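Chemist: pasting the sequence and the predicted coordinates here, then a few questions.
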Amino acid sequence: MEILFSLLLVYLILASVFNFSNKYPKMSFFLNLLLLSIITGSVYEKIGGGGDYDNYRNIFNSISLEKFPDKEIFFYYLNLLIKSFTDNFSIAFLCFMFIINFFILAFIYKYSKNIDMSLLMYVIMGGYITSTNITRQFIAIALVTYSIRYLIEKKYVMYILFCVLSVSFHTTAIIPIFTNFLISIFNEKIYKNYIIYFIFINCMIIVEPLIRKIGIEMFYENYSDGYFNYGSNILHYVVQLAFIGFYIINLRKVRCANIKLFINLATMASMFTLMSRNMVLYARFASYFNIFHVVAMVNILFYNRNIKEKRLFYYLIFIGLLVYYVLLTRKAFVFESSIVDYFRNL
């Protein structure tokens with residue numbers, strides 16, 4: 001699996017250099033969808049899974065018409081639909097990966113000016129690996145991400161439909177649904193006061209204990225025993241600060257309203273990532289907003305007319321992604337080790 005993943009990275013690096021996916025969008029969309037989904041969707045069970053994977057397998061194997069859930073019913077119906085064709089959970093898991101990557105790629109292809117660079121960032125730090133563990137939530141994340149297009153286009157009926165669909169997969173989607181809507185309304189005002197906005201939302205760490213209590217009662221009552229009360233690695237917040245620093249440097253250069261929106265949305269990830277230092281579950285909320293980094297940063301560089309400056313930033317991004325990947329996969333690094341082992345042991 002390490003070889004496959006490394007080859008995927010090499011392919012995306014070369015494709016980003018030659019702008020392959022932007023030149024051939026239709027062909028590359030299905031090629032990339034196939035590659036990304038098969039790599040994560042077809043091999044995970046070979047090492048017995050891990051994390052939430054085993055729970056999804058148990059749900060799939062035991063699901064029936066008699067066991068109707070009280071909430072998040074679309075995941076139930078999705079399992080029933082797949083089970084009507086096959087009893088093989090490996091195929092079901094592959095379908096989950098196709099659904100996630102389809103909507104993530106659809107968003108990236110619609111808005112990114114360098115699709116392959118955005119895909120490279122998505123694969124390394126945008127949640128591609130994480131989707132194999134918190135799969136049900138990542139289906140909701142993919143749907144919420146895709147729904148942004150309807151906010152931009154002011155097609156609010158479609159936005160509401162996607163919101164209902166995403167919440168029916170994971171109730172945590174309620175948070176980004178309302179947050180995204182509010183940010184889209186006050187997009188220009190937030191961007192004009194971006195530094196104040198960043199400082200304000202990160203100061204929410206002061207009231208984190210209260211947020212934690214409310215959040216666990218609303219979304220994670222099964223985790224109230226403190227099982228997830230450990231913190232995430234500081235590296236993740238350092239990465240967020242690097243993004244914020246890049247946005248601040250280029251603050252006055254951005255004219256496009258969509259890029260401003262993606263920057264404002266992506267910055268929300270810094271708040272939840274900082275909070276995850278106290279409890280790792282916040283990182284799952286950060287995942288709803290992290291994906292916007294992969295388009296915001298790439299598009300800022302695309303519109304940068306200073307060739308030397310653009311080239312320098314691209315070099316720094318490549319080096320940063322390489323360092324992040326090395327740190328993420330080294331044995332001493334603590335980050336949901338079942339996912340890291342998934343790539344290391346195949």
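Modeler: Here it is on my side, so go on.

Chemist: Gly211: neighbouring residues, count only.
Modeler: To be clear, residue 211 is Ile; Gly isn't right here. Neighbourhood size, Ile211 [other C-beta atoms under 10 Å]: 17. All C-beta spots, glycine's among them, are computed from the backbone N, C-alpha and C.

Chemist: that one: which element?
Modeler: Using DSSP states H and E, Ile211 maps to helix 208-218.

Chemist: over to Ile139?
Modeler: Per DSSP H and E, the secondary structure element for Ile139 is helix 135-152.

Chemist: try Tyr109
Modeler: helix 89-111.

Chemist: gap between that helix and the chain center?
Modeler: 12 Å (C-alpha atoms, centre = their mean, to the nearest Å).

Chemist: helices and strands around that helix, which ones?
Modeler: Packing contacts for helix 89-111, counted by 3 or more C-beta pairs under 8 Å, 6 or more residues apart in numbering; DSSP states H and E, involve helix 25-41, helix 53-62, helix 73-83, helix 115-125, helix 135-152, helix 293-302.

Chemist: what's the distance between the residue lying closest to Ile59 once chain neighbours are set aside and Leu65?
Modeler: Nearest residue to Ile59 in three dimensions, chain neighbours excluded: Asn79, at 6.4 Å (C-beta to C-beta, 6 or more residues apart in numbering). Distance of Asn79 to Leu65, given as C-beta to C-beta, to the nearest Å: 11 Å.

Chemist: comparing those two, which residue is more hemmed in?
Modeler: The neighbour comparison of Asn79 against Leu65 (other C-beta under 10 Å) goes to Asn79, with 20 against 7.

Chemist: how about that one, what does it touch?
Modeler: 59-60, 63, 92 (C-beta atoms under 8 Å, 6 or more residues apart in numbering).

Chemist: at 10 Å instead, please
Modeler: 56, 59-63, 89, 92, 95-96 (C-beta atoms under 10 Å, 6 or more residues apart in numbering).

Chemist: could you identify the most distant pair in these?
Modeler: Using C-beta to C-beta, the two most remote members of the contacts of Asn79 are Ser62 and Cys95, lying 17.9 Å apart.

Chemist: neighbour count winner among those two?
Modeler: Between Ser62 and Cys95, Cys95 has the larger neighbour count (other C-beta under 10 Å), namely 18 against 9.

Chemist: which residue packs closest to the more buried one, ignoring adjacent ones?
Modeler: Ile82 (5.6 Å).

Chemist: near that neighbour, how many other residues are there?
Modeler: 20.

Chemist: wait, it touches Phe93, no?
Modeler: Yes: between Ile82 and Phe93 a contact is recorded at 9.5 Å, counting by C-beta atoms under 10 Å.

Chemist: residues shared between the contacts of these two?
Modeler: Phe60.

Chemist: how far away is the residue nearest to Cys95 from Asn304?
Modeler: 45 Å.

Chemist: low-confidence bits of the chain, can you list those?
Modeler: 1-2, 43-51, 69-71, 214-232, 328-346 (pLDDT under 70).

Chemist: can you pull out the helices in the stretch 201-346 of the chain?
Modeler: All helices of the stretch 201-346 of the chain, identified by DSSP state H, counting those that start in this stretch, fall at 208-218, 234-249, 257-275, 282-290, 293-302, 307-329, 337-344.
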